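Chemist: This is a predicted model, with the sequence first.
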Amino acid sequence: MGILGLTHDENGSALEKLPVTIKVAIGEGPEPGSKNNHPRRLDHFVFKRKTLREQDVVWDPAPDIAQVHGEKPTELGVLFLNADPTGVFRTQYAFWTQTGCKCHGELVQISNGDGLRVEMQATRRTQKHPEGEPWPGNYKYIEGARKGQPVEPCGDGCPDLERGDCRPSGDLYFMLEKFPRLGAICRLHTSSYRSVRNLSNGLMQIRRLNSGRLAGVKAVLKATPEKIWYRDQSGINHTSVVHILSLEVGGPDLRSLLASMEEPA
């Protein structure tokens with residue numbers, strides 16, 4: 001029938017974890033050989049596919065997928081394959097370094113005598129537990145102005161988050177409407193506060209108007225330009241244009257909109 005923990009869970013339900021074979025992004029990695037080690041923002045979607053290069057597996061451009069979607073696309077037709085919202089859009093806080101994810105935290109439900117409550121819980125790789133341990137646990141500051149005081153929990157107040165080393169992490173999983181493939185899935189990653197909020201809110205609204213259903217729903221993934229304001233380390237204000245992600249389902253009227261979500265993919 002199956003293998004517990006590999007093909008089925010403890011309830012006997014089949015586990016579905018499709019391999020990510022296509023990556024969609026609105027940014028590129030640093031230019032090869034460039035001294036600037038920061039990613040480059042784009043104003044359109046690009047498509048990547050895993051490729052073996054010498055002894056390493058890398059994400060290379062996928063011209064066949066790009067050709068189907070036209071030059072510099074800012075809208076993509078997508079299809080959701082999972083009924084579980086967390087299987088469609090996985091969100092957490094994540095602190096990434098050159099050696100991998102140092103710390104990650106997410107919202108969990110906790111049951112106690114007063115009912116259910118939610119809180120952020122984090123797991124961190126430490127020298128004592130390189131595989132990861134609950135953070136901050138009983139750790140306290142060992143030096144500085146806060147010596148002896150407990151380390152802040154995950155979320156607001158965490159020094160890693162306030163410093164910008166830790167950021168939101170959102171991974172959207174879907175099938176491309178114009179490049180459908182079964183047995184595999186596409187992934188889009190974003191660390192933008194606005195994009196994570198927009199994608200999460202879009203999915204919640206779709207579920208609310210579609211009786212909680214996501215699997216088989218078609219939507220449009222959009223990258224929309226917005227002007228942002230920020231302050232540099234010298235305290236000088238600047239403006240910049242960035243492309244923010246969102247999800248939409250449209251139609252000429254409300255009846256058509258609801259019908260488009262309910263029709264079989």
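Modeler: Sure, I can see it.

Chemist: Helix or strand: which one has the residue nearest to the spatial centre of the chain?
Modeler: Nearest to the mean C-alpha position of the chain, counting by CA atoms, centre = their mean, stands residue 170 at 1.6 Å. Residue 170 is part of strand 166-176 when elements are defined by DSSP states H and E.

Chemist: just checking, what packs against the helix or strand that that strand is followed by?
Modeler: Next in sequence after strand 166-176, counting helices and strands by DSSP H and E, comes strand 185-190. Judged by 3 or more CB pairs under 8 Å, 6 or more residues apart in numbering; DSSP states H and E, strand 185-190 is in contact with strand 20-28, strand 166-176. For glycine as for every other residue, the C-beta is placed from the backbone atoms N, C-alpha and C.

Chemist: Residue 227: which of the ones you listed is closest?
Modeler: With CB to CB as the criterion, residue 227 lies closest to strand 20-28 of these, at 16.3 Å.

Chemist: who does that closest one pair up with?
Modeler: Paired strands of strand 20-28, with direction, are strand 40-53 (antiparallel), strand 185-190 (parallel) (DSSP bridges).

Chemist: most residues in a single helix of the chain, which one?
Modeler: helix 193-209 (DSSP state H).

Chemist: Against which helices or strands is the helix or strand following that one packed?
Modeler: Note on helix 193-209: by DSSP H and E, the next helix or strand toward the C-terminus is strand 218-231. With contacts taken as 3+ CB pairs under 8 Å, 6+ apart, strand 218-231 sits against strand 40-53, strand 75-79, helix 193-209, strand 237-248.

Chemist: buried ones in the first one?
Modeler: Of the residues in strand 40-53, those buried under the neighbour-count criterion (16 or more other CB atoms under 10 Å) are 45, 46, 47, 48.

Chemist: now, which of these sits nearest residue 28?
Modeler: residue 46 (6.9 Å).

Chemist: Spatially, what comes nearest to the closest one if we skip its sequence neighbours?
Modeler: The shortest distance from residue 46 to any non-neighbouring residue, by CB to CB, 6 or more residues apart in numbering, is to residue 25 (5.6 Å).

Chemist: so that neighbour touches residue 191, yeah?
Modeler: No: Residue 25 lies out of contact with residue 191 (CB atoms under 8 Å); the separation is 11.4 Å.

Chemist: which one of the helices and strands packed on strand 185-190 has the lowest average pLDDT?
Modeler: Across the helices and strands packed on strand 185-190, strand 20-28 has the smallest mean pLDDT, namely a mean of 92.

Chemist: What lies in contact with that one?
Modeler: 39-50, 59, 62, 65, 76, 173, 176, 179, 181, 184-189, 221, 223, 243, 245 (CB atoms under 8 Å, 6 or more residues apart in numbering).

Chemist: So what's the residue count around the spatially closest residue to residue 29 that is not a sequence neighbour?
Modeler: Closest residue in space to residue 29, ignoring its immediate chain neighbours: residue 39 at 5.8 Å, by CB to CB, 6+ apart. When neighbours are counted by other CB atoms under 10 Å, residue 39 registers 12.

Chemist: Show the pLDDT at residue 39.
Modeler: So residue 39 comes in at 73 (pLDDT).

Chemist: My guess is it contacts residue 189. True?
Modeler: No: if you go by CB under 8 Å, residue 39 and residue 189 don't touch, sitting 10.8 Å apart.

Chemist: Contacts only, for the residue nearest to residue 87 when sequence neighbours are not counted.
Modeler: Spatially, and ignoring its direct neighbours in sequence, residue 87 is nearest to residue 173 (6.7 Å; CB to CB, 6+ apart). By CB under 8 Å, 6+ apart, the contact set of residue 173 is 18, 20, 80, 81, 82, 87, 88, 89, 90, 185, 186, 187.

Chemist: Much appreciated, bye for now.
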